[in-house]
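Asks: Please work out how this folds:
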Amino acid sequence: MLTEITVDNGNFGRFVFDNCTAVLLYGNATIGDGYVSGGRVGAKNMKSIGVVMRVGYENLNVSSGMDVMEVVSYAKMKGRVHVMKIVDRKKTIEMNCTVSFNLTNRSFVSSLCR
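Replies: Presented below is the predicted three-dimensional model:
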């Protein structure tokens, strides 16, 4: 499954972040994961990162009468904000999204990210 993570840097300095792993959860079970490569985002800028998620159906326990399936995607990125070679602060950002899929017609329904 191919997905995209957008890092929105609201800081006045560039944000340099490390590699991390994004996970896909259904209930309490991890059903997928993907590698997020590190990088940098300029001051007051956005960057989109493509992530290939490996989804394992063996951990997926879906009842046959279910129409909509909700999964949670989660990633935690650690990095540093650099402002004019003067300020250098550690920063951690978290992505936590609930995504709904319609299993009947195999379509995306909605997503809510916090």
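Asks: neighbouring contacts of the lowest-mean-pLDDT helix or strand in the chain?
Replies: Ranked by mean pLDDT, DSSP states H and E, the helix or strand of the chain with the weakest confidence is strand 107-113, at a mean of 86. Contacts of strand 107-113 with the rest of the structure, by C-beta atoms under 8 Å, 6 or more residues apart in numbering, involve Val68, Met95, Asn96, Cys97, Thr98, Val99, Ser100, Phe101, Asn102. All C-beta spots, glycine's among them, are computed from the backbone N, C-alpha and C.
Asks: Name the strands paired with it and say parallel or antiparallel.
Replies: Using DSSP bridges, strand 107-113 pairs in its sheet with strand 87-102 (antiparallel).
Asks: how about the strands in the chain?
Replies: 2-9, 14-17, 20-26, 29-36, 39-41, 45-55, 68-83, 87-102, 107-113 (DSSP state E).
Asks: looking at it, Arg14 is touching Gly42, isn't it?
Replies: Yes: Arg14 lies in contact with Gly42 (C-beta atoms under 8 Å); the separation is 5.3 Å.
Asks: Tell me which of the two has more neighbours.
Replies: Arg14 (18 against 12; other C-beta atoms under 10 Å).
Asks: Tell me the bridge partners for that one.
Replies: Beta-bridge partners of Arg14, as defined by DSSP bridges: His82.
Asks: how far away is it from Val87?
Replies: Counting by C-beta to C-beta, to the nearest Å, the gap from Arg14 to Val87 is 11 Å.
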